[in-house]
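> any chance you can model this:
(one chain, ligands or ions: 1)
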Amino acid sequence: MPRKRKLPLKACTTCKALVQDEIEVCPVCGGREFSDDWDGFVAIISLEDSSIAKLLKTPKPSMYALKVR
Ligand SMILES: [Zn+2]
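Predicted structure coming up:
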């Protein structure tokens, strides 16, 4: 049975940024490959304050999936 997604979002397979389904180019890394098969997410609001941002080495504040398959 196919797993139902909780949010109408897809994850960039390059940087794991979560974007809306209708977006074709990743706003974070410019990638064009996305996966619907992702799990968990974090919202990075400020890179300066966030130890999570450093951990993920994210270039921009955004929402990121924790796992992308
Ligand atoms: Zn990306």
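> what ranges do the helices span in this protein?
Ranges of helices in the chain, per DSSP state H, are 51-56.
> ok, the helix-or-strand element of it with minimal mean pLDDT near the ion or not?
The weakest-scoring helix or strand in the chain, judged by mean pLDDT, DSSP states H and E, is helix 51-56 (a mean of 72). No. Judged by C-beta under 5 Å from the ion, helix 51-56 stays clear of the ion, getting no closer than 11.9 Å. For every residue, glycine as well, the C-beta is placed using N, CA and C.
> report the beta-bridge partners for L18.
On the basis of DSSP bridges, L18 is bridged to A11.
> count the neighbours of E24 for me.
8 (other C-beta atoms under 10 Å).
> nearest spatial neighbour of the most centrally placed residue in the chain, skipping sequence neighbours?
Among the residues of the chain, the one closest to the centroid is A17, at 2.2 Å (C-alpha atoms, centre = their mean). Excluding the flanking residues, the one nearest A17 by C-beta to C-beta, 6 or more residues apart in numbering is V28, at 4.2 Å.
> so who does that neighbour touch?
By C-beta atoms under 8 Å, 6 or more residues apart in numbering, the residues touching V28 are 12, 15, 17, 58-60, 62.
> returning to that earlier point: just the residues contacting the least confident helix or strand of the chain, thanks.
Around helix 51-56, the neighbours that count as contacts under C-beta under 8 Å, 6+ apart are 16, 42, 44, 46-47, 61, 64.
> which residues of this structure lie near the ion?
By C-beta under 5 Å from the ion, the residues of the chain that approach the ion are 12, 14-15, 17, 26, 28-29, 31.
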